[in-house]
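# dropping a prediction and its sequence here:
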Amino acid sequence: MEQETIEQMNTRFDKERSLEFKKAKEKILFTLKGADKYYYASQCAKFEKNIIEYGYSSYATKSSVAKEGLLFDKYKITLGHPYGYDLKRFDSKEEMFGFVIGYNECISFIKYHYNISEEVA
């Protein structure tokens, strides 16, 4: 088997990252710009996975989010479609991203501290 060069690895990683971004971006209803766009898109995708795994409210249950999905707007996160149930409202996209990242960090902290595996549902 031929060993992959650094340039080939970089090209492959760039393609993989672009595909992940494109998939995550489908759920974000506003334009992401700048160097942090990949980070924010991945945090939104991770947030949706965490909500599917743990639920959030009586409306955003594990099964409803898995079935309908989440959408991220500048001022809200909705269940299902742009006019669906508002999971949470915000004053700005920065506040929304702060909430999403904070939620993800809390889940990561709990998993690490209490040795909860990724496969626990």
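Thanks, I have the structure now. Not measured: the values here are computed from a predicted model.
# in this structure, which helix or strand is least confident?
helix 62-68 (a mean of 76; mean pLDDT, DSSP states H and E).
# ranges for the helices of this protein?
6-25, 37-54, 62-68, 93-113 (DSSP state H).
# and the least confident helix or strand of the chain, what does it pack against?
helix 37-54, strand 76-79 (3 or more CB pairs under 8 Å, 6 or more residues apart in numbering; DSSP states H and E). Bear in mind the C-beta positions are built from the backbone N, C-alpha and C, glycine included.
# parallel or antiparallel, which strands does the shortest one pair with?
It refers to strand 76-79. Sheet pairing for strand 76-79, assigned by DSSP bridges, gives strand 70-72 (antiparallel), strand 85-89 (antiparallel).
# got those strands as JSON lines, with distance to residue 50 and mean neighbour count columns?
Converted to JSON lines, the strands paired with strand 76-79 look like this (distance: least, CB to CB, whole Å; neighbours: other CB atoms under 10 Å):
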{"stretch": "strand 70-72", "distance to residue 50": "10", "mean neighbour count": "23"}
{"stretch": "strand 85-89", "distance to residue 50": "12", "mean neighbour count": "15"}
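# same list, those, but as a markdown table with distance to residue 78 please.
What follows is those, written out as a markdown table (distance: least, CB to CB, whole Å):
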| stretch | distance to residue 78 |
| --- | --- |
| strand 70-72 | 5 |
| strand 85-89 | 6 |
